[in-house]
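In: Requesting a structural model of the entry that follows:
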Amino acid sequence: MKPHKILITGTFESGKTELIKLFIDDPRVFVIPEAARDILSLDPSLQNKPEFQDILFRQQIRNEALAEQYNKGGAFPLTLLLNADGKVLKTWQGKPEMSVAQWTAEIKAVCDANK
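Out: Numbers count the residues shown, from 1 in each chain. Alright, predicted model coming up:
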């Protein structure tokens, strides 16, 4: 059976994230991160501009395409380290079981090994 695609949308801080948390552990539900938070973190003034919905929609489509390309299995959380050509250099499923300093060192080592 082909999975359904459901877009949960609403105003800022309307409870979308809390709703998603109800489904996050269900293996039948594949969650693509919301684009609005990322966009607004770069330019909070966009929220009040008429073109915000168009920008948000285009970003959400890009996020979905990336998820289909790099995360066909729907793993969550999933972190990928890519090179400039989009080749996956390293994958972490779940939360890395190491300190931030150790994870940073691991990322640097992978980058250095793939120069």
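In: Please, where are all the strands along the chain?
Out: 78-82, 88-93 (DSSP state E).
In: what is the orientation angle of the shortest one with strand 88-93?
Out: If I follow you right, that is strand 78-82. Angle, strand 78-82 to strand 88-93, by axes from the mean of the first three to the mean of the last three C-alpha atoms, to 10 degrees: 170 degrees.
In: Which strands and helices lie in contact with strand 78-82?
Out: Strand 78-82 sits against helix 52-70, strand 88-93, helix 100-113, with contacts defined as 3 or more C-beta pairs under 8 Å, 6 or more residues apart in numbering; DSSP states H and E. Placement of C-beta: from N, CA and C, glycine included.
In: Direction included, what does that strand pair up with?
Out: strand 88-93 (antiparallel) (DSSP bridges).
In: Show me what counts as buried in the partner strand.
Out: residue 92 (16 or more other C-beta atoms under 10 Å).
In: again, but for stretch 58-70
Out: 60, 67.
In: Can you give the distance of it from its chain's centre?
Out: Centroid displacement of stretch 58-70 relative to its chain, using C-alpha atoms, centre = their mean, to the nearest Å, is 9 Å.
In: do the same with stretch 66-78
Out: 9 Å.
In: what mean pLDDT does that stretch have?
Out: Averaged across stretch 66-78, pLDDT comes to 82.
In: What's the end-to-end length of it?
Out: End-to-end distance for stretch 66-78: 12 Å, by C-alpha to C-alpha, to the nearest Å.
In: ditto for stretch 21-37
Out: 16 Å.
In: Tell me, please, the helix or strand in the chain that averages the lowest pLDDT.
Out: helix 16-21 (a mean of 76; mean pLDDT, DSSP states H and E).
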